[in-house]
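Novice: this is a predicted model, with the sequence first.
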Amino acid sequence: MHRSTDDPTGGTVPAGSRAHPYADGPEPGRGPDPAHVDPAVLGALLRRHGWHRRGGAHGRYSRWVPPGPVTGGTSLLVPDSTAFPDCEELLAEALTALTRSADPSARDILVALTVPSDEIRWWRDVPEGASGAADWAGADQLRTAARQILLAGSLAVRGRAGYHGARHRRKARSALDGTLVGPASDGRGLTAFVPVAEGRAVAVQLYAALHATREAVDYQRATGGMEAFDAAVAAGVSRELTEAVVALVRGAEGAGITLAWAPAAGTPEGCPATPGPVEFSPGDLPALRLAGARYLRDEPAVPVRITGAVVRLRRSGPRGPGVVRLRVLAGAEVAHVRIELDEEAYRIAGHAHLVGLPLRVEGRLENRGGFRRLGGASQVTPVQVDEAERDRLMKALHENVDFFEEACAGDEE
């Protein structure tokens, strides 16, 4: 069965991300440096996460209490500005109280203060179990879908395409390296904190792509036409994104995504200050699946000239055509490609591998197999490299001699 992404289906956090530092509960003494916390940012985060302002000295400080009814528990005194004489002391006390707070939103606020981040939150409406929490399979499905949606947004930053396949994946994943992830206590929600410095482009792209997806689905359901999905590619919609939304919604009564910009960084140009949620329902699944199939079918092959190191050779006998696998060094944003070569080109590839030289080959990078196959290969030529690269390639050869023992084995899988 074809899979549009080459990621494993399991996992606990989105690819390239790190676990929420407060995911196992708050720890006293941990928290951001009060000297680097802006009181206005702290106030904005408290308001975003449902904390209530309960009086205080106007122009000097305000008192905040956690979401829900006032029960006499944790409250924070937050100075209104850094001009307040005891600003740093009050901030230190407020941050300490947050690290000790049992309210789930406290840990999210602490993360947002530690690293200025745009927040992306996913949730799924699923029937409650006896404990009131989502089951393990549903929580794992949520994490997998969130990972795929983040990756789809990062791929769109690298380039617009109806189907990305294996292209740009390394760079797309590396752009998510600093992302922090924290689950909701009931297993129905998940929040990703995308650092502004490295990941704002991903968050802005997801905002545009998710809204374009919602509009395209509405158009298809109203008219039966798929034209809106074609136009939505320019906004970052792709097969990877539609499949990720399908994974989010499947088995739920509904699902949605909300974005919130980092208060410390302000609102990105062209975006609303408070984006509304983007919601999907099971009734949207047929349109999303049709769009994904259309994107896969219509994405054209890409003419390329690839330079790569030969890492595997296979053919059915001692003579005739064969299949070569290259580790791509330049010319295409994929890690490996598979190429079917005639007898002469296959012989050239074998010799190049024996002496530790990469190959240069022209052809069409085909969407069949996720842009991992090169069709119409021609101009197969060894490429001279510097001594350091040659030594490294020869070392890889000696460590993988068994590849040549397989050269006359069956066809490549």
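Specialist: Received it, and whenever you're ready, just let me know what you need.

Novice: all contacts plus neighbour counts: C-alpha atoms, from now on.
Specialist: Fine.

Novice: show me where pLDDT drops low in this protein?
Specialist: Along the chain, the model assigns pLDDT under 70 to residues 1-31, 55-59, 69-73, 84-85, 128-135, 183-187, 385-387, 389-413.

Novice: where do the strands sit along it?
Specialist: 18-19, 52-53, 61-65, 76-79, 117-125, 180-183, 189-195, 254-260, 278-280, 302-314, 322-330, 336-341, 359-366, 373-382 (DSSP state E).

Novice: nearest to D218, out of the ones you listed?
Specialist: With Cα to Cα as the measure, strand 278-280 is the member of the strands of the chain nearest D218 (10.3 Å).

Novice: centre of the chain to the closest one, how far?
Specialist: Computed by Cα atoms, centre = their mean, to the nearest Å, the chain-centroid distance of strand 278-280 equals 18 Å.

Novice: so which elements touch it?
Specialist: Secondary-structure packing of strand 278-280 (3 or more Cα pairs under 8 Å, 6 or more residues apart in numbering; DSSP states H and E): helix 196-223, strand 254-260.

Novice: apply 7 Å and report the result again.
Specialist: Secondary structure elements in contact with strand 278-280, counted by 3 or more Cα pairs under 7 Å, 6 or more residues apart in numbering; DSSP states H and E, are strand 254-260.

Novice: chain center to the strand it packs on: distance?
Specialist: With Cα atoms, centre = their mean, you get 15 Å for strand 254-260.

Novice: direction included, what does it pair up with?
Specialist: Using DSSP bridges, the strands paired with strand 254-260 are strand 117-125 (antiparallel), strand 278-280 (antiparallel).

Novice: most tightly packed of those?
Specialist: Using mean count of other Cα atoms under 10 Å, the stretch among these with the largest mean neighbour count is strand 117-125, at a mean of 23.

Novice: if we can go back for a sec, identify whichever of the strands of the chain lies nearest to R107.
Specialist: Closest among the strands of the chain, using Cα to Cα: strand 180-183, at 8.7 Å.

Novice: how far does the closest one sit from its chain's centre?
Specialist: Between the centre of strand 180-183 and the centre of its chain there are 13 Å (Cα atoms, centre = their mean).

Novice: so which other helices or strands are in contact with it?
Specialist: For strand 180-183, the elements it packs on are strand 18-19, strand 189-195, judged by 3+ Cα pairs under 7 Å, 6+ apart.

Novice: format the strands paired with strand 254-260 as TSV; extra columns: distance to F229.
Specialist: Below are the strands paired with strand 254-260 laid out as TSV (distance: least, Cα to Cα, whole Å):
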stretch	distance to F229
strand 117-125	23
strand 278-280	16
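
Novice: relative to P263, which of the ones you listed is closest?
Specialist: Nearest of the strands paired with strand 254-260 (Cα to Cα): strand 117-125, 8.4 Å.

Novice: using CSV, list the CA coordinates for the closest one.
Specialist: Output of strand 117-125 as CSV, limited to C-alpha atoms (Å, rounded to 0.1, in the frame of the first residue of the first chain):
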residue,chain,number,x,y,z
SER,A,117,7.1,30.3,20.7
ASP,A,118,4.0,30.3,18.5
GLU,A,119,1.6,27.7,19.9
ILE,A,120,-0.2,25.2,17.7
ARG,A,121,-2.9,23.2,19.5
TRP,A,122,-4.7,20.1,18.1
TRP,A,123,-7.8,18.5,19.7
ARG,A,124,-10.1,15.6,18.9
ASP,A,125,-13.7,15.1,20.1
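
Novice: hey, C-alpha coordinates of stretch 188-200 in PDB?
Specialist: Extracted in PDB, the C-alpha atoms of stretch 188-200 (Å, rounded to 0.1, in the frame of the first residue of the first chain):
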ATOM      1  CA  ARG A 188      -7.600  14.800  23.700                       C
ATOM      2  CA  GLY A 189      -5.300  17.700  23.100                       C
ATOM      3  CA  LEU A 190      -1.700  18.400  22.100                       C
ATOM      4  CA  THR A 191       0.200  21.600  22.000                       C
ATOM      5  CA  ALA A 192       3.400  22.300  20.000                       C
ATOM      6  CA  PHE A 193       5.600  25.300  20.900                       C
ATOM      7  CA  VAL A 194       7.300  26.300  17.700                       C
ATOM      8  CA  PRO A 195      10.200  28.700  18.500                       C
ATOM      9  CA  VAL A 196       9.800  32.000  16.700                       C
ATOM     10  CA  ALA A 197      13.500  32.300  15.800                       C
ATOM     11  CA  GLU A 198      13.600  29.000  13.800                       C
ATOM     12  CA  GLY A 199      10.000  28.100  13.200                       C
ATOM     13  CA  ARG A 200       7.700  31.100  12.700                       C
END
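
Novice: tell me which residues of that stretch are tucked away?
Specialist: Residues of stretch 188-200 classed as buried by neighbour count (16 or more other Cα atoms under 10 Å): 188-196, 199-200.

Novice: repeat for stretch 242-257
Specialist: Result for stretch 242-257 [16+ other Cα under 10 Å]: buried residues 242-252, 254-257.

Novice: which residues of this structure fall in helices?
Specialist: Remark: helices assigned in the chain by DSSP state H are 39-48, 87-100, 104-114, 136-158, 169-174, 196-223, 227-232, 239-249, 285-298, 343-354, 387-399, 402-405.

Novice: which of these sits most buried?
Specialist: helix 239-249 (a mean of 25).

Novice: what's it in contact with?
Specialist: Residues outside helix 239-249 that contact it (Cα atoms under 7 Å, 6 or more residues apart in numbering): 4, 142, 145, 148-149, 152, 162-163, 255, 280-282, 285, 288, 292, 295-296.

Novice: please apply the same query to stretch 359-379.
Specialist: By Cα under 7 Å, 6+ apart, stretch 359-379 touches 4, 165-167, 299, 301-309, 336-339, 341, 349, 380-383.

Novice: 6 Å - rerun?
Specialist: Applying Cα atoms under 6 Å, 6 or more residues apart in numbering, the contact partners of stretch 359-379 are 165-166, 301-308, 337-339, 380-383.

Novice: and those, which are buried?
Specialist: With burial judged by 16+ other Cα under 10 Å, the buried subset of these is 165-166, 301, 304-308, 337-339, 380-382.

Novice: this completes my enquiry, with thanks.
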